[in-house]
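>>> everything below, folded, please.
(one chain, ligands or ions: 1)
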Amino acid sequence: MRIVRTVAELRAQVATARAEGRRVGLVPTMGAFHEGHLSLMRRARERCGLVIVTLFVNPTQFNEAADLQRYPRDEARDARLAEGAGADLLFAPAVEEVYPPGFATMVEVAGVSEPLEGVVRGPAHFRGVATVVAKLFNMAQPDDAFFGQKDAQQALLIRRMARDLDMPVRIEVCPTVREADGLAMSSRNVLLDREARSRAPVLYAALRGMEADVEHGERDVARLLARARAVLAARGVQAEYLAVVSTDTLAPVTVVAGDALVALAARFGAVRLIDNVLLHVPMVAP
Ligand code: PAF
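Numbers count the residues shown, from 1 in each chain. Presented below is the predicted three-dimensional model:
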C-alpha cells in the first residue's frame with residue numbers, strides 16, 4: 001500500500017488504474033480505524049480494482065475546537081490496518097492541501113442536513129462533511145464510494161448531494177458493525193470511561209426494543225418512543241434526540257408504515273454517541 005499526500009500524486013495513481021481498466025473505489029475516513037472502517041475497505045476490495053482510503057480529520061465539520069483536538073490520531077496504526085484490509089492507497093493530505101489559502105466554496109445540502117445531528121451540531125457540521133466529501137470525490141473521481149449506515153443522516157446527505165450535483169459515483173451504504181454487546185463501533189468509543197462504556201450498550205438495547213415492539217404489531221410512534229426512553233432511563237441515559245423519521249426526508253413520522261429510521265443520540269459525559277436502526281412494515285394495499 002502506498003501513502004500519498006497530494007492531489008497530484010493521487011490523480012497519477014488513479015490515472016494508471018483507469019488506463020488498466022480498474023474500477024476505482026473510495027473509502028473516506030477520519031482515521032482511528034475500527035472494524036466498521038475495515039468492513040468498508042473489505043467491501044471496496046471485493047468490488048474495485050483500486051481501493052483508495054482517505055485519512056483526513058476534516059476541521060470544517062467540527063463545531064467544537066476541543067472535539068477536533070481530542071479526535072484520536074495514529075497514522076502508522078491506521079496505515080497498517082488499511083493495508084491489512086486490502087487498501088492500495090492511503091490518501092493522507094495535510095489541511096492546506098485540502099483547504100489552501102483563500103479557500104471560499106462550501107457545499108450545502110438543504111433539508112436532510114437540518115434535523116437531528118443538524119440541530120445538535122449546527123449547520124456548519126454537514127456543510128463541512130458535504131464540502132470535504134465533494135472535494136474527495138473530485139480529487140479521486142471514484143466509481144464507488146463506501147459509507148457506514150451508523151452515520152445514516154450523513155449517508156443520506158451524501159447520496160442527495162451526489163444526485164443533485166450529478167456526481168458520477170455509486171454510493172454504497174454498508175451495515176453498522178457492532179461490539180459483542182451491541183454497541184455500534186465508533187472512533188469515539190475509546191474515549192468512554194469504564195462506567196460509561198458499561199452503560200453505552202443500552203442505546204442499541206433501546207433500539208432493538210423498538211424493533212421488537214414493531215415486530216409485535218406496535219405502530220404508534222409515541223408509544224414506541226416512550227418505551228425506548230424508559231429503557232434508556234433505567235440505565236441513567238437521557239437521549240439528546242430519539243426520533244422515528246422518514247428514510248427519505250428525515251421528517252418525523254407518527255405511525256410506522258413502510259420504511260422508517262429510528263435515530264438516537266446521547267451523551268456519556270463529554271462523549272456523544274449516535275446509533276440507529278431501520279424499521280420496515282410492509283404497506284398493505286387498500
Ligand atoms: O464519517 C466520517 O468519518 C466523515 O464524516 C467523512 C465522511 C470521512 C468526512 O470527513
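>>> which stretches of the stretch 51-200 of the chain form helices?
Remark: helices assigned in the stretch 51-200 of the chain by DSSP state H, counting those that start in this stretch are 65-69, 75-84, 95-98, 117-121, 123-140, 152-164, 194-199.
>>> and the second one, which residues are buried?
Spelled out, it's helix 75-84. Neighbour counts over helix 75-84 (16 or more other C-beta atoms under 10 Å) mark 78-79, 81-83 as buried. C-beta coordinates here come from the backbone N, C-alpha and C atoms, glycine included.
>>> out of those, who's nearest the ligand?
Nearest to the ligand among the buried residues of helix 75-84: Asp78, at 12.1 Å, using C-beta to the nearest ligand atom.
>>> in this structure that closest one contacts Phe33, no?
Yes - here Asp78 reaches Phe33: they are 5.0 Å apart, a contact under C-beta atoms under 8 Å.
>>> follow-up on the earlier one: can you add mean pLDDT and distance to the ligand and give the helices of the stretch 51-200 of the chain back as TSV?
Below are the helices of the stretch 51-200 of the chain laid out as TSV (pLDDT from 0 to 100; distance: least, C-beta to the nearest ligand atom, whole Å):
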stretch	mean pLDDT	distance to the ligand
helix 65-69	89	12
helix 75-84	98	12
helix 95-98	98	10
helix 117-121	97	10
helix 123-140	98	5
helix 152-164	98	6
helix 194-199	98	21
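>>> could I get those helices as a markdown table with distance to Val284?
Output for the helices of the stretch 51-200 of the chain, formatted as a markdown table (distance: least, C-beta to C-beta, whole Å):
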| stretch | distance to Val284 |
| --- | --- |
| helix 65-69 | 45 |
| helix 75-84 | 46 |
| helix 95-98 | 49 |
| helix 117-121 | 33 |
| helix 123-140 | 35 |
| helix 152-164 | 26 |
| helix 194-199 | 39 |
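>>> of all the ones you listed, which one comes closest to Arg188?
In terms of C-beta to C-beta, the element of the helices of the stretch 51-200 of the chain nearest to Arg188 is helix 65-69, at 9.3 Å.
>>> name the helices or strands packed onto the closest one?
For helix 65-69, there is no helix or strand it packs on, judged by 3 or more C-beta pairs under 8 Å, 6 or more residues apart in numbering; DSSP states H and E.
>>> ok, and what's touching it?
Contact with helix 65-69 is made by 57, 59, 62, as judged by C-beta atoms under 8 Å, 6 or more residues apart in numbering.
>>> burial of Thr254, as a residue count?
By the criterion of other C-beta atoms under 10 Å, Thr254 has 10 neighbours.
>>> need phi/psi at it.
Backbone torsions for Thr254, taken as degrees, to the nearest 10, come to phi -110, psi -20.
>>> right, and it touches Arg219 too?
No - assessed by C-beta under 8 Å, Thr254 is found out of contact with Arg219, at 9.5 Å.
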